[in-house]
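Colleague: sequence-free structure coming up:
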């Protein structure tokens, strides 16, 4: 083998390697370039635009389908949500966040104002409560206008009111006795007797003359006290109150509606809720002043149970949620918004080394082919 033959084989190996490397490099470049089709007049230059720009929309659809069918599947996400590590991490993170909130010097009002721009939170809650009470009151009146009070008042409440009638009876009689025994009561009774006698004319004068200098009130007062203390009086008054209470319960709501002041009732219920419900007083206090008793319960019970319930709910309905979320459409739309330059940069950032290896492989194969061709020429020569 002379020097000329060796030079020829080496030359063909070099040329083959250059051609193979350049060919593979050009093929890789043609995946993305040119970005747009090239035309000479009305004639489109072949292989323009590049493969990926030309199939941009189809690539976006296939990527969306691949993500939904093989990557973010309901089964895979469900296993992740049910894993012990995920739930433990979620619980730990929520406990840390809850601790930060509960140990804060800020009030709920301040937090809501800073993060959501809502001012006068308490006034807003009170006004909303008043609106709810007002709507509820109007709806209750409208729906039950033709029902009797007996039908509307709960049986347990009626029993309690029935049990209070003897107490009310005793109270009325005791207050009546106390009033009659007081100087004011005696004076009032005297005025009433004098007025009664004046109205009776001659009969009244005759009664006054018959009694002489004794005041009639001194004789009437003890008898009235005896009447009020008598067991028969108590039974009679109790029976009368019970009868009246029965009559009241038989009235329809429409019959007593005129006696109800909607504005005052709504205001009373709203004030009661405002004073009795702790929420209205605690929202303006620093959270570390009132959350102390609840910290352990929140961290050891509320958060773990809440995470368990939420994860179970998500796992059960995950497939439906993913369908409604339309992940394939989201991926497709995102990929479609990518410029071809951005797609090229993304692909090359992932597969740059592999593309270089393909280029080098093309050079090696081209050199090998050149060596074989040179060897064949040498044999034929």
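Modeller: Perfect, thanks for sending it. Keep in mind it's a predicted model, so treat the numbers as computed, not measured.

Colleague: Averaged over its residues, which helix or strand of this structure has the lowest pLDDT?
Modeller: Lowest on mean pLDDT, DSSP states H and E among the helices and strands of the chain sits helix 202-211, with a mean of 56.

Colleague: Tell me which helix or strand comes right after that one.
Modeller: Per DSSP states H and E, the first helix or strand lying C-terminal to helix 202-211 is helix 216-229.

Colleague: buried set for that following helix?
Modeller: Neighbour counts over helix 216-229 (16 or more other C-beta atoms under 10 Å) mark 216-217, 220-221, 228 as buried. C-beta coordinates here come from the backbone N, C-alpha and C atoms, glycine included.

Colleague: show me where pLDDT drops low in the stretch 201-350 of the chain?
Modeller: Applying pLDDT under 70 to the stretch 201-350 of the chain flags the ranges 201-216.

Colleague: So which residues of it form helices?
Modeller: Residue ranges of the helices in the stretch 201-350 of the chain, as given by DSSP state H, counting those that start in this stretch, are 202-211, 216-229, 231-250, 253-257, 262-276, 279-282, 287-290, 292-297, 303-325, 327-337, 340-380.

Colleague: For residue 155, which of these is the nearest?
Modeller: Residue 155 sits nearest to helix 231-250 of all those, at 11.3 Å, using C-beta to C-beta.

Colleague: quick one on the thing from earlier: Throw the helices of the stretch 201-350 of the chain into TSV and include distance to residue 79, thanks.
Modeller: TSV is the format used below for those (distance: least, C-beta to C-beta, whole Å):
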stretch	distance to residue 79
helix 202-211	103
helix 216-229	83
helix 231-250	63
helix 253-257	59
helix 262-276	47
helix 279-282	40
helix 287-290	37
helix 292-297	31
helix 303-325	9
helix 327-337	17
helix 340-380	26
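
Colleague: between these, which gets nearest to residue 94?
Modeller: By C-beta to C-beta (comparing all of the helices of the stretch 201-350 of the chain), the closest turns out to be helix 303-325, at 4.9 Å.

Colleague: circling back to that earlier point, ok, so of the buried residues of helix 216-229, who is nearest residue 49?
Modeller: residue 228 (109.6 Å).

Colleague: still on that earlier bit, please identify which of the helices of the stretch 201-350 of the chain is closest to residue 92.
Modeller: Nearest of the helices of the stretch 201-350 of the chain (C-beta to C-beta): helix 303-325, 9.4 Å.

Colleague: Go through the closest one and flag the buried ones.
Modeller: Neighbour-count burial for helix 303-325, with 16+ other C-beta under 10 Å as criterion, is recorded at 303-304, 307, 311, 315, 318, 322.

Colleague: any idea which of those is closest to residue 99?
Modeller: Residue 99 lies nearest to residue 303 out of the buried residues of helix 303-325, by C-beta to C-beta, at 10.3 Å.

Colleague: I'm done for today, thanks for sticking with me.
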